[in-house]
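J.: Here is my input, please return the structure:
(2 chains)
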Amino acid sequence: EAQVTQNPRYLITVTGKKLTVTCSQNMNHEYMSWYRQDPGLGLRQIYYSMNVEVTDKGDVPEGYKVSRKEKRNFPLILESPSPNQTSLYFCASSLEARSNQPQHFGDGTRLSIL
Amino acid sequence: AQTVTQSQPEMSVQEAETVTLSCTYDTSESDYYLFWYKQPPSRQMILVIRQEAYKQQNATENRFSVNFQKAAKSFSLKISDSQLGDAAMYFCAYRSALGETSGSRLTFGEGTQLTVNP
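T.: Residues are numbered from 1 along each chain as shown, chains lettered A, B, ... in the order given. Got it, this is the predicted structure:
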């Protein structure tokens, strides 16, 4: 089954404790992206990757890191999480950046930073 | 930068009736894609319908259709014969066709929470 898999689905942690949210897709997609969803703001892009070893900042990259060492994986790293990073996070992928094909979304990760 | 605005934070509709959700966007580009996504309580992001800007014909997917007005930069979603399962948050989204210059991000509106009353 074609899918984007995120882990964990829920995480409660404390300020400053490094965490990683994993994202994996099995569709051989070139393009992957991370979004955060906050009430009244919709979804905003954090980082994206056009292909392996090619990443760039989205609209709200502060406090986050990403890597793309393999085509299928695109982890989101919070090296020193803060309470303002409490949010719902989505990983998404699509075949290529310029395609009109829709982005496939993971099921989301609810992060709470205390 | 592109912006997407959904001016209706909440909408309600009676089961079997028709409802229209509004979306406007701002862009200087001529080639782009527009999407409506549905987010039920399960949090999944489910594609409802998509429209290519170069196509004049409005997209239709079963009970879902759009009214795409390119000059007015408007992209509304009409849901006919509403069902209880249509209750969800709906997001309008814009994606540039110029992938290399904008990162092909989806720019989302704020969302419209749709309630379907039995």
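
J.: Could I get the CA-only coordinates of stretch B:14-33 as PDB?
T.: Taking Å, rounded to 0.1, in the frame of the first residue of the first chain, the C-alpha atoms of stretch B:14-33 are listed here in PDB:
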ATOM      1  CA  GLN B  14     -28.400  20.000   6.800                       C
ATOM      2  CA  GLU B  15     -27.900  16.400   5.700                       C
ATOM      3  CA  ALA B  16     -28.800  16.100   1.900                       C
ATOM      4  CA  GLU B  17     -28.500  19.800   1.400                       C
ATOM      5  CA  THR B  18     -25.900  21.700  -0.600                       C
ATOM      6  CA  VAL B  19     -23.100  23.900   0.900                       C
ATOM      7  CA  THR B  20     -20.400  26.100  -0.600                       C
ATOM      8  CA  LEU B  21     -17.100  26.800   1.000                       C
ATOM      9  CA  SER B  22     -15.300  29.900  -0.100                       C
ATOM     10  CA  CYS B  23     -11.600  30.400  -0.900                       C
ATOM     11  CA  THR B  24      -9.700  33.300  -2.400                       C
ATOM     12  CA  TYR B  25      -6.100  33.500  -3.200                       C
ATOM     13  CA  ASP B  26      -3.500  36.100  -4.200                       C
ATOM     14  CA  THR B  27      -0.800  35.400  -6.700                       C
ATOM     15  CA  SER B  28       1.100  37.100  -9.500                       C
ATOM     16  CA  GLU B  29       1.600  33.800 -11.300                       C
ATOM     17  CA  SER B  30      -0.400  32.500 -14.200                       C
ATOM     18  CA  ASP B  31       0.300  28.800 -13.900                       C
ATOM     19  CA  TYR B  32      -0.600  27.000 -10.700                       C
ATOM     20  CA  TYR B  33      -2.700  24.300  -9.100                       C
END
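
J.: So for that stretch, mean pLDDT?
T.: Stretch B:14-33 carries an average pLDDT of 95.

J.: With stretch A:35-45 instead?
T.: On average, stretch A:35-45 scores 94.

J.: Show me the contact partners of it.
T.: A:33-34, A:46, A:58-60, A:85, A:87-92, A:108, B:4, B:6, B:9, B:91, B:93, B:103, B:105-106, B:108-111 (C-beta atoms under 8 Å, 6 or more residues apart in numbering or on different chains). Any C-beta I mention is one placed from the backbone N, CA and C, and that applies to glycine too.

J.: And it, end to end?
T.: With C-alpha to C-alpha, to the nearest Å as the measure, stretch A:35-45 spans 4 Å from end to end.

J.: roughly how far out does it sit from the chain middle?
T.: 12 Å (C-alpha atoms, centre = their mean, to the nearest Å).

J.: and if you look at stretch A:59-78?
T.: 6 Å.

J.: in it, what's buried?
T.: A:60-61, A:64, A:66, A:68, A:72-76, A:78 (16 or more other C-beta atoms under 10 Å in any protein chain shown).

J.: With distance to chain B, secondary structure and pLDDT as added columns, please give those residues in TSV.
T.: Formatted as TSV, these follow (distance: C-beta to the nearest C-beta, whole Å; DSSP: H, G, I helix; E, B strand; the rest coil; pLDDT from 0 to 100):
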residue	distance to chain B	secondary structure	pLDDT
A:60	11	coil	95
A:61	11	coil	96
A:64	15	coil	98
A:66	13	strand	97
A:68	13	coil	96
A:72	19	coil	97
A:73	19	strand	98
A:74	14	coil	98
A:75	18	coil	98
A:76	15	strand	98
A:78	20	strand	97
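
J.: No further queries at this time; thank you.
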